[in-house]
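**Student:** dropping a prediction and its sequence here:
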Amino acid sequence: MKTIALIPARFGATRFPAKLLQDLCGKPIIVRTYLSTVATGVFDDVVVVTDHEDIARLIRAEGGKVFISQKEHESGSDRIAEAVLDMDADVVVNVQGDEPFQSRKPLYELVEVFGKDARVEVASMMIKIHDDSQIQNPNTVKVVVDNENFALYFSRSPIPYARNTDFSASFFRHIGVYAYRKSALLAFTRMEKSIYEQTEMLEQLRLLENGVRIKMVESFHEAVAIDTKEDMDKAIAYYKEHFER
């Protein structure tokens with residue numbers, strides 16, 4: 001089973017312009033993401049998919065592979081679908097370009113489910129929520145799963161709703177790293193946007209509405225995602241704590 005990681009790296013960012021080029025303790029964010037993804041040893045190949053020559057130049061300088069997008073895309077999934085069309089791959093993992101500290105264990109376990117269960121077409125990750133404020137925060141996407149850890153629903157609202165306080169169900173936050181069989185990724189990007197997807201603004205609901213099950217893998221690795229300058233400060237602190245000892 002050939003497994004590749006594709007890292008969508010769009011230059012534009014509304015909240016933090018050109019964030020992937022920002023310096024993170026000696027290297028740009030996108031370079032940190034690329035190098036940490038390669039270092040996991042999980043993938044047969046790692047490719048950065050970008051729309052900007054400056055990002056491409058940085059990755060090539062590290063000896064990395066780059067695919068230059070030729071089209072405008074609404075999402076990272078659409079961007080990597082263009083790239084993978086002519087690639088030899090069985091499983092494709094969408095690694096977020098603004099998450100510079102990738103870890104081997106969660107990515108290995110994510111990929112592993114495809115070999116264990118032939119029913120799995122798409123997989124993603126979740127982590128238990130311990131901060132009650134995240135449960136109420138619409139920017140924290142929650143997920144509920146069935147007894148086999150296939151997603152039942154994703155929402156920005158608190159799910160499950162604790163109507164009966166005699167029970168204490170766990171809450172899980174969705175981690176936006178997706179793995180697809182190549183055929184499932186290409187099929188997904190050809191589907192029309194769905195009702196719940198457009199209501200919640202969550203593209204993974206398109207899969208559920210079209211009957212595609214998403215296998216959820218519980219992770220214990222808290223990813224560092226950089227969306228704002230405040231996140232950048234946290235990422236610098238994380239790097240200094242874990243890599244400059």
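**Tutor:** Thanks, I have the structure now. Numbers count the residues shown, from 1 in each chain.
**Student:** Q102: what's it in contact with?
**Tutor:** With contact set as C-beta atoms under 8 Å, 6 or more residues apart in numbering, Q102 has these partners: T33, S36, T37, A39, T40, V95. Glycine gets a C-beta too; all of them are placed from N, C-alpha and C.
**Student:** report the two of these separated the most.
**Tutor:** Farthest-apart pair in these is A39 and V95; separation 12.2 Å (C-beta to C-beta).
**Student:** neighbour count winner among those two?
**Tutor:** Taking other C-beta atoms under 10 Å, A39 and V95 do not tie; V95 has more neighbours (25 against 12).
**Student:** what comes into contact with the lowest-mean-pLDDT helix or strand in the chain?
**Tutor:** Lowest by mean pLDDT, DSSP states H and E among the helices and strands of the chain is helix 76-84, with a mean of 84. Applying C-beta under 8 Å, 6+ apart, the contact partners of helix 76-84 are 4, 6, 8, 10, 47, 49, 51, 67, 69-71, 73, 92, 94, 96-97, 178, 182, 185-186, 188-189, 203.
**Student:** make a PyMOL selection of the buried ones in those.
**Tutor:** If you want just the buried ones from the contacts of helix 76-84 in PyMOL, going by 16 or more other C-beta atoms under 10 Å, the selection is:
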select buried, resi 4+6+8+10+47+49+51+67+69+73+92+94+96+97+178+182+185+188+189+203
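**Student:** for this protein, longest helix please?
**Tutor:** helix 229-243 (DSSP state H).
**Student:** which other helices and strands contact it?
**Tutor:** strand 23-24 (3 or more C-beta pairs under 8 Å, 6 or more residues apart in numbering; DSSP states H and E).
**Student:** gap between the next helix or strand after the strand it packs on and the chain center?
**Tutor:** Reading on from strand 23-24 to the C-terminus, the next helix or strand found by DSSP states H and E is strand 27-28. Centroid displacement of strand 27-28 relative to its chain, using C-alpha atoms, centre = their mean, to the nearest Å, is 20 Å.
**Student:** list the buried residues for the following helix or strand past strand 27-28?
**Tutor:** As assigned by DSSP H and E, the chain's next helix or strand after strand 27-28 is helix 29-39. Using 16+ other C-beta under 10 Å as the test for burial, helix 29-39 gives I29, I30, V31, R32, T33, Y34, L35, S36, T37, V38.
**Student:** surely the fifth one meets P100?
**Tutor:** Put plainly, it is T33. Yes. Counting by C-beta atoms under 8 Å, P100 is a contact partner of T33 at 4.7 Å.
**Student:** quick one, helices of the protein?
**Tutor:** 29-39, 53-61, 76-84, 104-116, 132-136, 182-190, 195-200, 204-209, 229-243.
**Student:** which of these comes out lowest on mean pLDDT?
**Tutor:** Of all the helices of the chain, mean pLDDT reaches its minimum on helix 76-84 (a mean of 84).
**Student:** need the residues that contact the longest strand along the chain.
**Tutor:** Secondary structure of the chain read by DSSP state E shows that its longest strand is strand 172-181. For strand 172-181, contacts defined as C-beta under 8 Å, 6+ apart pick out 77, 90-96, 99, 106-107, 110-111, 113-114, 120-129, 134, 140-145, 154, 188, 204, 216, 218-219, 223.
**Student:** now the residues you listed: which count as buried?
**Tutor:** 77, 91-96, 99, 106-107, 110-111, 113-114, 120-127, 129, 140-145, 154, 188, 204, 216, 219, 223.
**Student:** could I get the pLDDT score of R15?
**Tutor:** pLDDT, R15: 63.
**Student:** what do you get for T228?
**Tutor:** For T228, the predicted pLDDT is 85.
**Student:** could you give the number of residues near L21?
**Tutor:** 16.
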